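# My questions concern the predicted model and sequence given below.
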Amino acid sequence: MALGFLVCLAVLELVVGVPAPRSPLITRGCAPDACRTADIGAGAVPSSVSPPIATRTPGPAPTQAPASAPPVTPASALLIRSVNDSLFDSYDQLMNDPGTQAMLRKHGTPIVRIPIRDALSDAEALRAFTAVRNSGAAPLAIVHGACVPDTYTVDSHWLGLLARVFTSGPVYVEYGNEEDLSCAGGIRGAHVYTASWNAVVPRLKARFPNDRFIGPVNFESNPAYVATFVRDARPQPDFISWHEYVCHRSQPDSYCLEHIARWTNHVDDTNAAVRAAVGHTVPIMITEWNLGGTDPRYGDAAFIQAWTRAALSQWASLVGSGVYAAFLYSCESHPDFELITSRNTLTAQGESFFL
């Protein structure tokens with residue numbers, strides 16, 4: 001089994017450029033949390049453990065064509081174990097704790113989704129990005145979308161910082177976060193979001209031609225919204241994304257378990273809507289998933305471990321239907337969600353999530 005795991009990691013490195021762990025690392029952990037807003041910012045890794053930050057500054061678009069989205073491959077079976085980082089402030093655990101970074105690297109975490117929060121300084125943002133790099137993961141950065149003025153200037157600045165840390169390998173970028181709950185919601189929401197995408201993303205892709213752009217980042221499955229976006233988006237997204245929270249604390253265990261099967265319907269319905277709109281499907285990322293917040297069942301080891309195993313099995317079954325990656329919310333200490341505690345020990349859910 002150990003040999004098989006190493007082979008899978010080697011495949012992952014070849015396909016998506018995420019380095020497989022090369023040697024045993026310290027076994028301290030990370031704590032869960034992620035971004036639920038379109039905010040942007042970043043954190044802090046001690047310079048004593050951070051590799052030097054590269055000084056390459058992205059310039060005008062080169063002449064070669066932008067990299068296209070990679071095909072769904074067997075490596076996606078590992079990519080379904082991607083995670084969110086909360087990065088609420090400069091005290092973020094992943095940003096500051098080398099043990100947390102080592103834990104993610106030890107378990108071969110493929111991608112870390114990270115919000116870029118406006119309140120953080122450039123230095124803090126660089127330290128947060130470096131923490132993700134120290135974790136051996138590729139970054140998925142959440143930048144502003146339709147809900148702020150002068151989106152290009154803000155997003156271009158943050159992506160420029162990200163490019164200084166990640167000088168090679170894949171960089172994923174989500175344009176906004178759950179904006180269908182705010183400025184891009186309602187009857188005209190998909191059109192509002194797409195108009196912003198069409199005004200900003202071509203300029204971002206010109207400056208960062210190898211970054212892979214993702215939208216519309218819906219708060220839940222919404223095939224009609226996604227199809228409208230994909231039909232009218234210029235350029236079309238490299239990936240489409242939405243979030244999946246199965247239940248809240250008032251609903252019974254049976255509902256939370258049964259709801260997992262609905263993910264197949266959500267993926268199939270979205271694929272059908274996108275195919276009808278543009279003649280082909282687009283690879284899918286589920287960039288947040290879990291139970292709901294404030295649910296005491298995270299503390300029920302028997303339930304949460306059975307539920308998490310069932311959820312991972314469901315995502316694995318959907319790789320062939322176009323699910324490229326799935327990101328559990330969240331990896332660090334959090335009052336509601338966590339895979340790793342502030343003491344760098346695995347929670348019950350963490351024990352069933354990590355390989």
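Happy to help now that I have it.
# can you give me the helices for the stretch 51-200 of the chain?
76-79, 93-96, 98-106, 122-134, 151-165, 189-207 (DSSP state H, counting those that start in this stretch).
# Now do the fifth one against helix 122-134, angle only.
Direction vectors for helix 151-165 and helix 122-134, defined by axes from the mean of the first three to the mean of the last three CA atoms, to 10 degrees, enclose an angle of 50 degrees.
# From the chain's centroid, how far away is helix 151-165?
Distance, stretch centre to chain centre, for helix 151-165: 17 Å (CA atoms, centre = their mean, to the nearest Å).
# and it, which residues are buried?
Buried residues in helix 151-165, counted by 16 or more other CB atoms under 10 Å: T151, V154, D155, S156, W158, L159, L161, L162, A163, R164, V165. The way it works is simple: take the backbone N, C-alpha and C, and place the C-beta from them, glycine included.
# and if you look at the last one?
Neighbour counts using 16+ other CB under 10 Å place G189, A190, V192, Y193, T194, S196, W197, V200, V201, L204, K205, R207 of helix 189-207 among the buried residues.
# Quick check: the farthest pair among these?
Spatially, the most separated pair among the buried residues of helix 189-207 is G189 and R207, at 27.3 Å (CB to CB).
# wait, doesn't G350 sit right on F337?
No - look at G350 against F337 with CB atoms under 8 Å: they stay out of range, at 10.6 Å.
# re the thing from before, of the buried residues of helix 189-207, just say which sits nearest to Y255.
Distances from Y255 to these, taken by CB to CB, are shortest for G189, at 28.0 Å.
# was I right about the closest one contacting S182?
No - using CB under 8 Å, G189 makes no contact with S182, being 9.2 Å away.
# before we move on, back to that, in JSON lines: the helices of the stretch 51-200 of the chain, plus distance to A261.
As requested, the helices of the stretch 51-200 of the chain are arranged in JSON lines below (distance: least, CB to CB, whole Å):
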{"stretch": "helix 76-79", "distance to A261": "19"}
{"stretch": "helix 93-96", "distance to A261": "32"}
{"stretch": "helix 98-106", "distance to A261": "29"}
{"stretch": "helix 122-134", "distance to A261": "33"}
{"stretch": "helix 151-165", "distance to A261": "37"}
{"stretch": "helix 189-207", "distance to A261": "27"}
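# I'd like to know which of those helices has the weakest mean confidence.
The stretch with the lowest average pLDDT out of the helices of the stretch 51-200 of the chain is helix 76-79, scoring a mean of 82.
# chain center to that one: distance?
Distance of helix 76-79 from its chain centroid, counting by CA atoms, centre = their mean, is 13 Å.
# Tell me which other helices or strands it touches.
If contacts are counted by 3 or more CB pairs under 8 Å, 6 or more residues apart in numbering; DSSP states H and E, helix 76-79 sits against helix 2-16, strand 323-328.
# Least confident of the ones you listed, on average?
Among the helices and strands packed on helix 76-79, helix 2-16 carries the lowest mean pLDDT, at a mean of 40.
# the strands in the protein, which residues?
Along the chain, the segments classed as strands by DSSP state E run 82-84, 111-115, 138-143, 172-175, 212-218, 239-245, 284-290, 323-328.
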